[in-house]
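J.: Give me the fold of what follows.
(one chain, ligands or ions: 1)
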Amino acid sequence: MTTITTRGASRRGLLAAGGAVLASGLTRPAIAQGAPLKVGLMLPFSGTFAALGENIAGAFEMLLAEKGGRLGGRAVQVVRLDDESDPSKAVQNVNRLIGRDRVDALVGTVHSGVVMALVQASRERGTPLIIPNAGNASATRDLCAPTIFRTSFTNWQPAYGMGLALARQGVKRAAWITWDYAAGNEAGEGFRDGLRAGGAELVRELKLPFPETNFQPLLAQIPGLNVEAVGSFFAGGGAVQFVREYASAGLRDRVPLVGSGFLTEGTLQAQGAAAEGVRTALHYGDGLDNARDRAFRAAFQERTRRTADVYAVQGYDAGQLLSVGLEAVKGDVSAERELVAAMERARIDSPRGAFTLSPSHNPVQNIYLREAKGGQNVVVGVAAEALADPGTGCRMRAG
Ligand code: PHB
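T.: From the prediction side, this is the model:
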């Protein structure tokens, strides 16, 4: 395996580039016998989600290294591109990977807005895409396609589990606070649906633009809402700051804070005592008692000097899923029908626990209830077992 880092879009380049996903006249890369298979890793390596991108890339590359740098018999070359979680640069960044770097497959990204450019490219060009984080519902609902797979979640899934768990604990009224973009809003819908399924109600949504962190005006409204809990979606650097400010505003002991698990994932060290006791729901957690997870975490720590988290798991599983597909076609990505069929049938032996894919190519997985204790997101129960996203509106044309 080799890795190269490619430059992402600059503001100047963007002005010249226009908006179409792909310049016409570009052809899919030829599968020259013996040529390395190029995988474009489009992820944030800067900005509020930088740590998430690093863990996804580090674990994806670890899986490749475990496979001797080859998938389906072909040497793999990884091309890393920093998308900065900036939707305005997304189309040009995808075009660079496909048009200039001539990648054979795409793995990306973290941000739900940015991923839409990858989805569009995969639909138009047939380039296989594995989404190792971004939970945008469209990718596996109305815009689903044979070549689009996800090893992470829909934004709806973890938040649904959290809402349901809260309602089962007897909470009747809750509020939601988030960044105003696809991930925060769709997670809000999941939270509302989970609350409703348990007989509770979402009474208010508070929002600020992504990736802003001016939380104070929103926090000031919470005491007046007459709610028993506040649910939230924040992640990365923004989540660190939010959890700290929620505690220092004196709210933590008055209105319990809960969330999609990203709120405390990979962030606990920086959040410190402010996160203690915060309950979240996610498809991963600390203390899952399985040997696969223990081995994965030790190997990841050893290789990257970083602590594994859900993002690392999702990146590793993107590698596992790609490996299953490429084995089936002996590295020939142009054999789309067989590649897709093998990936659809895959049972991924994930550190989170084994999972399969729904008909719309999204993981069917347990959503764990976790509680932040002493720097760990300790699993305290299962909020929703083998939860599938509804996949509403996905009409998959025959592969
Ligand atoms: C998203 O934009 O879909 C997103 C970003 C960060 C997360 C989870 C979801 O931790």
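J.: Now do the same for stretch 184-196: mean pLDDT, whole number.
T.: The average pLDDT within stretch 184-196 is 98.
J.: okay, it in PDB with CA atoms only?
T.: What follows is stretch 184-196, C-alpha atoms only, in PDB (Å, rounded to 0.1, in the frame of the first residue of the first chain):
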ATOM      1  CA  GLY A 184     -28.300  17.900  13.100                       C
ATOM      2  CA  ASN A 185     -31.700  18.200  11.600                       C
ATOM      3  CA  GLU A 186     -32.000  14.500  10.600                       C
ATOM      4  CA  ALA A 187     -30.800  13.400  14.000                       C
ATOM      5  CA  GLY A 188     -33.400  15.700  15.500                       C
ATOM      6  CA  GLU A 189     -36.100  13.800  13.500                       C
ATOM      7  CA  GLY A 190     -34.700  10.500  14.800                       C
ATOM      8  CA  PHE A 191     -34.800  11.800  18.300                       C
ATOM      9  CA  ARG A 192     -38.400  13.000  17.900                       C
ATOM     10  CA  ASP A 193     -39.400   9.600  16.400                       C
ATOM     11  CA  GLY A 194     -37.800   7.700  19.200                       C
ATOM     12  CA  LEU A 195     -39.400   9.900  21.800                       C
ATOM     13  CA  ARG A 196     -42.800   9.400  20.200                       C
END
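J.: how close does the closest residue in space to Ala105 that isn't next to it in sequence sit to the ligand?
T.: Distances taken as Cβ to Cβ, 6 or more residues apart in numbering put Pro128 closest to Ala105, at 4.5 Å, once the chain neighbours are dropped. C-beta coordinates here come from the backbone N, C-alpha and C atoms, glycine included. Distance of Pro128 to the ligand, computed by Cβ to the nearest ligand atom, to the nearest Å: 20 Å.
J.: right, and Pro128 touches Gly108 too?
T.: No. Judged on Cβ atoms under 8 Å, Pro128 makes no contact with Gly108 at a distance of 11.9 Å.
J.: which of these two has more neighbours?
T.: Gly108 (30 against 25; other Cβ atoms under 10 Å).
J.: residue contacts, the residue nearest to Ala105?
T.: 104-106, 122, 147, 149, 322, 325, 333, 336, 339 (Cβ atoms under 8 Å, 6 or more residues apart in numbering).
J.: nearest to Pro44, of those residues?
T.: Checking the contacts of Pro128 against Pro44 by Cβ to Cβ gives Leu106 as the nearest, at 15.0 Å.
J.: after the helix or strand containing Gln314 comes which helix or strand?
T.: Using DSSP states H and E, Gln314 sits within helix 310-328. Beyond helix 310-328 on the C-terminal side, the first helix or strand identified by DSSP H and E is helix 336-345.
J.: All set now, cheers.
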